[in-house]
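Novice: one predicted model, sequence on top.
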Amino acid sequence: MTRRIAILGGGMFGVCAALELARAGQPVVLVDGAHDLLEGAGRWNEGKIHLGFLYGGDPSLSTATRLIPGGLEFADVVERLIEQDIGEFATVEDDLFLVHRDSVVDVAAYATYAERTASLIRHFSRQGGAGKYLANVRHAEARRLSPSELTDVTTNDEVLAGFAVPERSVSTLPIADLLKAAVAADSRVEVRLDAWVEGVRKREDGRLDVLCTGQPEGLDGFDVVINGLWESRLAVDATMGMHPPAEWTHRFRATLYGYAPNATFRSAVLCTGPFGGVNRYADGRVYLSWYPAELLAEGNELEPPRAKAKLTKKRMAKVADATIRELTRFFPGVADLDDLEVHGGWVYAVGKGSLADRASTLHQRDKFGVARDGGYISVDTAKYSLAPWIAARVAKMVLA
């Protein structure tokens, strides 16, 4: 049965969900307030395909347990949608997790956490139907670097230990462009851009109207509305009487991107807390992040503090200078990079507090998923790496 379906948000989740439904023969209207699809966090992020190693502040393994299934499925789902292998866009070696002296967990605690996480990955990867991931993780392990190996990565004495783990990241820009091309090639997806969604209204007959500015014509009478917005999701949910299950935080982060095929540094992240890291992808692109410099706005209201998140030239220069300066202390090769661009995006998370605080609920990121009220479905994907997996599951829910 063909139904009238709208998907709100043209980010990673929205695009993948639209393609999933279209491939199943279901027409869909994809609505976004930007000038193009995948122009926000779905394009401008690290592209880490999480398997849980970052969340040493959650020794319960609740976060890792929730993240691993989606991470394992990421490549399979995306490759099916774009009909192309994405290995050429991934990081090329095992990621390095470097324990900083100011981490919220010490070296011994992180070593235990990383090995428990590796064991969990081995378990999930051997289950029937598990995704192939971007590396062989059936024998996943967290290997501690020898002193000489650690020195080859960094000589900064703020780093107390390093661990090599089979986690990967992907270059988000080419993947965004390939997904956009897939949408453009599918006549069953009607794209409505420059249409800022302000709410959803339920009619007496049970159908749903999408209320927005820009292009409101024809956005009414839907049988199903899937709210896959990112920083605007909560405000739109509220118009349907739906509220978050716990405290939340909106953060706007600006990071550095560039093309440096001759870069020599390893992909590495300083953990666990408000630090940063570097990524070098197989396609020659690089990503640089230093959290204290890149966090430009933060808020806990339904609407994020957008006015505080504007990327002026002055702010971009400040972010770039501070990020290069701080990362060079750990990875000297960063100083040789040029032609870097600053881009930003919102991060939504259930949780509050500072990442420097061991007690912050932001260290536990397992509270995400799908909420439904009749034909209205609200989706919190939590992570870029989970969006395709959750999109496939939501599409099956709608088609059932």
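Specialist: Received, thanks. Numbering: from 1, shown residues only.
Novice: before we move on, what SS does Gly56 have?
Specialist: At Gly56 the chain is in coil, as set by DSSP: H, G, I helix; E, B strand; the rest coil.
Novice: so for it, what's the pLDDT?
Specialist: According to the prediction, Gly56 has pLDDT 97.
Novice: residues in contact with it?
Specialist: 103-105, 109-110, 113-114, 271-272 (CB atoms under 8 Å, 6 or more residues apart in numbering). The way it works is simple: take the backbone N, C-alpha and C, and place the C-beta from them, glycine included.
Novice: any idea how far Pro304 is from it?
Specialist: With distances taken as CB to CB, to the nearest Å, Gly56 is found 27 Å from Pro304.
Novice: next one: Gly369
Specialist: Gly369 is 21 Å from Pro304, by CB to CB.
Novice: now swap in Asp237 and tell me
Specialist: 14 Å.
Novice: now do the SS call for the closest residue in space to Gly52 that isn't next to it in sequence.
Specialist: Leaving out its chain neighbours, the residue that sits closest to Gly52 by CB to CB, 6 or more residues apart in numbering is Ala64, at 2.7 Å. At Ala64 the chain is in helix, as set by three-state DSSP.
Novice: isn't Ala64 right up against Thr117?
Specialist: Yes - assessed by CB atoms under 8 Å, Ala64 is found in contact with Thr117 at 4.9 Å.
Novice: shared neighbours of these two, which are they?
Specialist: 51-53.
Novice: and which of those is nearest to Glu149?
Specialist: Nearest to Glu149, judged by CB to CB, of the shared contacts of Ala64 and Thr117 is Phe53 at 17.4 Å.
Novice: quickly note the distance from the closest one to Val159.
Specialist: 16 Å.
Novice: of those two, who's got more company?
Specialist: Comparing Phe53 with Val159 by other CB atoms under 10 Å, the one with more neighbours is Phe53, at 26 against 21.
Novice: and for the closest residue in space to the more buried one that isn't next to it in sequence, the neighbour number?
Specialist: Distances taken as CB to CB, 6+ apart place Val165 nearest to Phe53, at 5.0 Å, with adjacent residues excluded. For Val165, the count of nearby residues is 24 (other CB under 10 Å).
Novice: one more: Leu19?
Specialist: 28.
Novice: and what of Glu149?
Specialist: Quick note: Glu149 (other CB under 10 Å) scores 13 neighbours.
Novice: tell me if I am right that Ala387 is in a strand.
Specialist: No - counting by three-state DSSP, Ala387 is not part of a strand but helix.
Novice: wait, it touches Thr381, no?
Specialist: Yes - contact criterion CB under 8 Å: Ala387 and Thr381 qualify, at 4.4 Å.
Novice: intersection of neighbour lists for these two?
Specialist: Common neighbours of Ala387 and Thr381 (CB under 8 Å, 6+ apart) are 12-13.
Novice: now do the strands in the stretch 301-400 of the chain.
Specialist: With DSSP state E, counting those that start in this stretch as the criterion, the stretch 301-400 of the chain has strands at 341-350, 369-373, 376-380.
Novice: just put these in a markdown table and tack on distance to Arg358, mean pLDDT and mean neighbour count.
Specialist: Formatted as a markdown table, those follow (distance: least, CB to CB, whole Å; pLDDT from 0 to 100; neighbours: other CB atoms under 10 Å):
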| stretch | distance to Arg358 | mean pLDDT | mean neighbour count |
| --- | --- | --- | --- |
| strand 341-350 | 17 | 95 | 19 |
| strand 369-373 | 26 | 96 | 14 |
| strand 376-380 | 24 | 98 | 23 |
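Novice: right, and those strands - which one's nearest Ser171?
Specialist: Judged by CB to CB, the one of the strands of the stretch 301-400 of the chain that comes nearest to Ser171 is strand 341-350, at 13.3 Å.
Novice: restricting to C-alpha, output that closest one in PDB.
Specialist: Below are the C-alpha coordinates for strand 341-350, written out as PDB (Å, rounded to 0.1, in the frame of the first residue of the first chain):
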ATOM      1  CA  GLU A 341      38.900  25.100   5.900                       C
ATOM      2  CA  VAL A 342      36.800  25.600   9.000                       C
ATOM      3  CA  HIS A 343      33.300  24.200   9.000                       C
ATOM      4  CA  GLY A 344      30.800  23.600  11.800                       C
ATOM      5  CA  GLY A 345      27.800  21.600  12.800                       C
ATOM      6  CA  TRP A 346      25.500  21.000  15.700                       C
ATOM      7  CA  VAL A 347      25.900  18.100  18.100                       C
ATOM      8  CA  TYR A 348      22.800  16.900  19.900                       C
ATOM      9  CA  ALA A 349      23.200  14.600  22.800                       C
ATOM     10  CA  VAL A 350      21.100  13.300  25.700                       C
END
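Novice: now do that strand: everything it contacts.
Specialist: 40-45, 230-231, 233-234, 244-258, 294, 296, 304, 309, 311, 316, 319-320, 361-362, 365, 367-368, 380, 382.
Novice: run me through the strand neighbours of it, direction for each.
Specialist: Strand 341-350 has the following strand partners under DSSP bridges: strand 248-259 (antiparallel).
Novice: and the strand it pairs with, how far out from the chain's middle?
Specialist: 11 Å (CA atoms, centre = their mean, to the nearest Å).
Novice: the inter-axis angle of that strand versus strand 376-380?
Specialist: Counting by axes from the mean of the first three to the mean of the last three CA atoms, to 10 degrees, strand 248-259 lies at 60 degrees to strand 376-380.
Novice: mind listing what's buried in strand 248-259?
Specialist: Across strand 248-259, burial judged by 16 or more other CB atoms under 10 Å covers 248-257, 259.
Novice: what is the mean pLDDT for the helix or strand encompassing Ile226?
Specialist: Using DSSP states H and E, the element containing Ile226 is strand 224-227. What strand 224-227 shows for mean pLDDT is 98.
Novice: roughly how far apart are Lys48 and Val183?
Specialist: Distance of Lys48 to Val183, computed by CB to CB: 24 Å.
Novice: show me which of the two is the more surrounded one.
Specialist: Ranked by neighbour count (other CB under 10 Å), Lys48 and Val183 place Lys48 first, with 24 against 21.
Novice: touching, the more buried one and Ser169? I think so.
Specialist: Yes - with contact defined as CB under 8 Å, Lys48 reaches Ser169; the gap is 4.5 Å.
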